[in-house]
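1. just the structure for this:
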Amino acid sequence: MKPVKNILFLAIVGSVAACGGGGGDGSTTSGPSAANSATVSAFLTDNLAVDYSEVWVTVYSVTAENAASQTVTVFDDAAGKVVNLATLVNIGELLNTITLPVGRYDDFTVTLANTIQLVSKTGVTSTASFGANGDHATIRVDGDLNVASGQATSFALDFDLAQFTLNPATGVVTPVVVYKDRDDVSRFSSSTAEIEGVIQSAGNGSFTIVPRNSGVAVTVNYDSATLLYDDETRRILTDTSTLAPGVRVEVDGDFDQSRLILTASRISFEDESASSSDPSANRLMEVEGVVQSFDGSTLVVDVRDADFLPPANALTIANVTNAAFHDSSLAQLQSSGQWVELKGLWDGSSFTAVMVEIETESDDSSAESDDDSDSDDLR
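-> Down below sits the predicted model:
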């Protein structure tokens, strides 16, 4: 598995535009001023499961409640963020950027889809639930987040798969989520981010972007090794002059949560006509995983990370021979064992590739070492 991805966190860092939240009566308040707020980094993390190679959930929102029973939104996505919990170990993936009003937050709520998809070590996929009534499930987590004026801080919500229990008779999973403080977050090995938004300002080798549904700008640094890809024309680009104010992009890379700086490995120019809220939109999705087989035309991938919930452990990829390859070629695609990243079209049942990246042999060998060292278990 790819080293940067096989141990993974969800990270939420920065500022929510409307961070005033509902009180006990459901009323709303205005957002905090700079004098009585601070930047907060929130992470979802996990211990790795061995019985299940993949544990897929969909996260819709994360909220925090202060001592005055005022609730603020940390993350909110009506479409849901699909997450493979079995990869959430020791690396952060940015969800959002928020600023919170000063105060102590001791009650956190995570809202997820009521379904959880489990993939055994032998590749058998099964579906369980969190036992809630309806399509959504909520998990309450006790914490102790103190936000002081102007002082950046962070916390993590740990999806501890080693303590999850599954009742095979009912198909109900009982989750355990543990609050982690700033010191725990500081020990993360690294953080990654995928930010979608509009460029606010641009310079030589960098630009600023405000993430979607957010209010705090993130600085993006890029260089000649950064992949530039146009989702609309489906072409790899070399001209960085297109990185201009007003342009909508999606950026992937390594994230420095203390300085709000993202070092980009890939920048995609978004198709303005394709809205993530419209399921019929011609929007490119992403898939990452290990090649199970490739016969020269048909590619089958063991999916480890995706923008959507894969229907099974193995996903057949169409159109690989006609896709664009970044820093590699179709001739380098091996019959098995390689880590690949793909952008393409997902129609709910099939994936059509339009861009392919192949990991290097050194990355693959490092990943194998990481896989051998995994020891925790979902029981």
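
2. tell me where the model's unsure across the stretch 101-250 of the chain.
-> Along the stretch 101-250 of the chain, the parts satisfying pLDDT under 70 run over 213-215.

3. show me where it has its helices.
-> Secondary structure of the stretch 101-250 of the chain (DSSP state H, counting those that start in this stretch): helices located at 182-186.

4. where in the stretch 251-379 of the chain is pLDDT low?
-> Short version for the stretch 251-379 of the chain, where the test is pLDDT under 70: 272-282, 360-379.

5. go with 90
-> 254-260, 270-284, 297, 311-313, 327-328, 349, 359-379 (pLDDT under 90).

6. show me where it has its helices.
-> Going by DSSP H, counting those that start in this stretch, the stretch 251-379 of the chain shows helices at 361-373.

7. can you give me the domain boundaries for this structure?
-> 3-188, 193-269, 284-364 (automatic domain parsing).

8. now what about stretch 104-113, what contacts it?
-> If you take Cβ atoms under 8 Å, 6 or more residues apart in numbering as the criterion, stretch 104-113 is touched by 44, 57-67, 72, 74, 80, 130, 135-147, 157, 177, 179. (Glycine included, C-beta is placed from N, CA and C.)

9. and those, which of them are buried?
-> 44, 57-66, 72, 74, 80, 130, 137, 139, 141, 143, 145, 147, 157, 177, 179 (16 or more other Cβ atoms under 10 Å).

10. filter these down to the ones in strands?
-> Judged by DSSP state E, strands contain the following of those: 44, 57-66, 72, 74, 80, 137, 139, 141, 143, 145, 147, 157, 177, 179.

11. so where do the strands sit in the stretch 101-250 of the chain?
-> 103-113, 115-120, 125-129, 136-147, 153-160, 165-167, 172-174, 177-180, 190-203, 206-211, 218-221, 227-230, 235-237, 248-256 (DSSP state E, counting those that start in this stretch).

12. how about TSV for the ones you listed, with distance to Ala324 added?
-> Compiled in TSV, the strands of the stretch 101-250 of the chain are given as follows (distance: least, Cβ to Cβ, whole Å):
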stretch	distance to Ala324
strand 103-113	33
strand 115-120	29
strand 125-129	30
strand 136-147	38
strand 153-160	35
strand 165-167	42
strand 172-174	40
strand 177-180	40
strand 190-203	20
strand 206-211	24
strand 218-221	22
strand 227-230	8
strand 235-237	5
strand 248-256	17
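
13. show residues contacting stretch 199-212.
-> By Cβ under 8 Å, 6+ apart, the surrounding residues in contact with stretch 199-212 are 14, 94, 96-97, 195-198, 216-223, 243-249, 251.

14. report the buried residues of it.
-> Buried residues in stretch 199-212 (16+ other Cβ under 10 Å): Ile199, Ala202, Ser206, Phe207, Thr208, Ile209, Val210, Pro211.

15. any idea what the second one is bridged to?
-> Per DSSP bridges, residues listed as beta-bridge partners of Ala202: Phe207.

16. can you offset everything so residue one is 10?
-> Yes, from this point I'll number from 10; that puts the last item at Ala211.

17. separation between Glu259 and Ser158?
-> 33 Å (Cβ to Cβ, to the nearest Å).

18. those two - which one has more neighbours?
-> Using other Cβ atoms under 10 Å, the more surrounded residue of Glu259 and Ser158 is Glu259, with 20 against 13.

19. wait, that one sits on Glu203?
-> Yes. With contacts counted by Cβ atoms under 8 Å, Glu259 reaches Glu203, the gap being 6.7 Å.

20. residues in contact with Ala146?
-> Thr120, Leu121, Ala122, Asn123, Ser138, Phe139, Gly140.

21. how about Val309?
-> Contacts of Val309 by Cβ under 8 Å, 6+ apart are Val300, Gln301, Ser302, Phe303, Ala323, Leu324, Thr325, Ile326.

22. beta partners of it?
-> Ser302, Thr325.

23. just to revisit the earlier point, for the contacts of Ala146, which one is nearest Ser129?
-> Of all the contacts of Ala146, Ser129 sits closest to Ser138, with 17.5 Å by Cβ to Cβ.

24. many thanks, I have nothing further to ask.
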